[in-house]
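Peer 1: have a look at this prediction, sequence included:
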Amino acid sequence: MTETIKGGLEGIIAGKTSISTVGKEGLDLTYRGYSIHDLAKKATFEEVVFLLLYNKLPTKSQLNTFIDQLASLRELPSSLQSVLKLIPKETNPMDVLRTGCSMLGTLEPEEGGRTQEDIAKRLLAVLPSMLLYWYQYHKGKGSIETTSESEKTIASHLLHLLYGHPANADQIRALDVALILHAEHEFNASTFTCRVITSTLSDFYSAITGGICALRGPLHGGADEAAMEQIGKFQSVEEAEQGVKAMLSKKEKIMGFGHRVYKYGDPRSDIIKEWAKNLSVKPQYKVLFSIAEKIEEVMFKEKHLYPNVDFYSALTYHFLGIPTLLFTPLFVISRTAGWCAHIFEQRANNRLIRPIAEYVGPLPMPFIPIEERT
Ligand code: SDX
C-alpha cells in the first residue's frame, strides 16, 4: 500500500540539481553555492546570470564581455514586431511573452545551428524588448526603439524602455536586486515544466514557452500581481486587518503568503522588503507599506504564514512605477536565467521524465454495446 500521497508532488525528490538549494535544513538559499544574501548585496543581475549559466562568478573582463553581448542582442526582427503589434491591447502580457518567445523560435530556430548558450543569451536580452515594444505600442507610442545600447544592463534597459528616459541609480539597483531574487529556485513548478519538456528532447524555445505558461498562474508567479491587487484594496491598516480576517474566515487565500517548501519564511522576502521600504518615500507609499506590514502581522497571527518573495516584490515594483500587469513578466525576464541553467543541466544528463500514478479508477469492466447503454 503506497503511503498517503500529499498531492502536488509535495516532498518528492524528483531529480538532482547542482544549481540551487531551497529550504535545505540549515542552508540559506544558494545559487551554485553562493548565499542569496551575498548575491543580493554584492552582485549584479548579470553576474548572477553568468554564475547560473556557467557555474562560476565572472571575472571583470568576462562580465564586461557578457554585458556587451547581451546588449547587442536586444533587436526585434521586423516580423516579430508585426506579430507583437497584432496582439490585442487587453491581452495578458504573459501571453505576449509566450507568443513572442514562440515566434522568435520560428525565426531563429535552434535547429538553425545556434547553440543553447546563443539562445539563452538571446532570450535574456530580447524579452524586455518584446514586452515593452508591445506595451508602449498599445500606449500609443508607436514602434519604440529597443536596441538602446546606452543602457548597459537588463534592469537599466528595461526601466528606460518603460519610463521613456533613463532611470536613476536607486531605481536600477532596486530592480536589479529583484531580478537576482527571482532568478532561480530549484524545482519550482515552472522550472520543473522546463525540465519535463527538455527531457523529451524538445527544443529550447518550447521549454521556455512552457515555463512562461506555468509561471503565469496565481499560485506561482502570478501571485505578485494578485498581491498588489489585494494590498491596493485597503485604504488603512485598520481596514486591512478587518479585510484579511474576513477573507481568511471565508477560506480565501492572501496572495504573496505561504510556500510549498519554506514553512518558516522565505529568505528572499526580508531582502526585497528592505528595498520596498527604501522606495516608500511618497506619503501614499508609506501608507501602502504600513498596510502590507499589517497584513504580514495578521497572517502570522491568524495562520502562522509568512510572506514569500512575491509579496514585497509587488510593492517594490509598484513604487518603481511599474504597472501591475507587468509584474509577472518581470518574473519571466529574471527566471529565464534559472530556466536556461536547468535546461542545460537536464540536457547534460538526460532521461525522459515520466513519473507514475496511483490508480484509483474503476476495476476492469465488461464492454457494453452502444444499443444496450442507458
Ligand atoms: C512562488 O515553489 C517555488 O519555489 C515557487 C517560488 C519560486 O521562486 O519559484 O517561490 C515562487 O510561486 C511563490 C508562491 C506564490 N504563490 C502565492 O503567494 C499564492 C498564495 N499561496 C498559496 O496558494 C500557497 O501557499 C502555495 C501555493 C504557495 C503553497 O501551497 P501548498 O504547499 O499546496 O499549501 P496548501 O495550499 O496545502 O496550504 C496549507 C494550508 C491550507 O490551510 P488548511 O486548508 O490546512 O486549513 O495553509 C493555507 C491553506 O489554506 N494557506 C493559505 C495560504 N497559503 C496556504 N491560506 C491563506 N492564504 C495563503 N496564501
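Peer 2: Looks like it arrived, so ask away. Numbers count the residues shown, from 1 in each chain.

Peer 1: give me the low-pLDDT residue ranges for this protein?
Peer 2: Confidence mapping of the chain against pLDDT under 70 gives the ranges 1-4.

Peer 1: and whichever residue of it sits closest to the ligand, how many neighbours?
Peer 2: Nearest residue of the chain to the ligand (CB to the nearest ligand atom) works out as residue 258 at 2.3 Å. For the C-beta atoms, the positions are set from N, CA and C on the backbone; glycine is no exception. Neighbours of residue 258 under the rule other CB atoms under 10 Å: 19.

Peer 1: contacts only, for it.
Peer 2: 303, 305-306, 308 (CB atoms under 8 Å, 6 or more residues apart in numbering).

Peer 1: if any of those residues are buried, put those into a PyMOL selection.
Peer 2: Buried residues within these, by 16 or more other CB atoms under 10 Å, are selected in PyMOL with:
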select buried, resi 305+306+308
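
Peer 1: considering only the contacts of residue 258, which also neighbour the ligand?
Peer 2: Applying CB under 6 Å from any ligand atom, the subset of these adjacent to the ligand comprises 303, 305, 308.

Peer 1: about what we covered before: now render the contacts of residue 258 as a markdown table, adding secondary structure.
Peer 2: Below are those laid out as a markdown table (DSSP: H, G, I helix; E, B strand; the rest coil):
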| residue | secondary structure |
| --- | --- |
| 303 | helix |
| 305 | coil |
| 306 | coil |
| 308 | coil |
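
Peer 1: which one of the contacts of residue 258 is nearest to residue 171?
Peer 2: Nearest to residue 171 among the contacts of residue 258 is residue 308, at 23.5 Å by CB to CB.

Peer 1: these two touch, right, that closest one and residue 264?
Peer 2: No: contact criterion CB atoms under 8 Å: residue 308 and residue 264 do not qualify, at 12.0 Å.

Peer 1: so which helix or strand takes in the most centrally placed residue in the chain?
Peer 2: Centroid-nearest residue in the chain, with CA atoms, centre = their mean: residue 331, separated by 2.7 Å. Per DSSP states H and E: residue 331 is located in helix 327-348.

Peer 1: re the thing from before, ok, the residue nearest to the centre of the chain - contacts?
Peer 2: 182, 215, 221, 224.

Peer 1: any idea how far residue 191 lies from residue 173?
Peer 2: Per CB to CB, to the nearest Å, residue 191 is found 26 Å from residue 173.

Peer 1: now residue 117
Peer 2: Distance from residue 117 to residue 173, counting by CB to CB: 27 Å.

Peer 1: what does residue 47 give?
Peer 2: 13 Å.

Peer 1: of these two, who's got more company?
Peer 2: Between residue 47 and residue 173, counting by other CB under 10 Å, residue 47 is the more crowded of the two (20 against 16).

Peer 1: surely the more buried one meets residue 63?
Peer 2: Yes: counting by CB under 8 Å, residue 47 touches residue 63, with 6.0 Å between them.

Peer 1: can you tell me the SS state at residue 198?
Peer 2: When classified by three-state DSSP, residue 198 comes out as helix.

Peer 1: near the ligand, which residues of this protein?
Peer 2: With CB under 6 Å from any ligand atom as the criterion, the chain comes near the ligand at residues 8, 185, 188, 219-221, 223, 253-260, 303, 305, 308-310.

Peer 1: helices - which of those land there?
Peer 2: Per DSSP state H, helices hold the following members of the residues of the chain next to the ligand: 223, 303, 309-310.

Peer 1: show me which of the residues you listed are buried.
Peer 2: Buried by 16+ other CB under 10 Å: 223, 309-310, out of those.

Peer 1: what helix or strand does the residue nearest to residue 148 when sequence neighbours are not counted sit in?
Peer 2: In this structure, residue 148 finds its nearest non-sequential neighbour in residue 160, 6.2 Å apart by CB to CB, 6 or more residues apart in numbering. Using DSSP H and E, residue 160 sits within helix 154-163.
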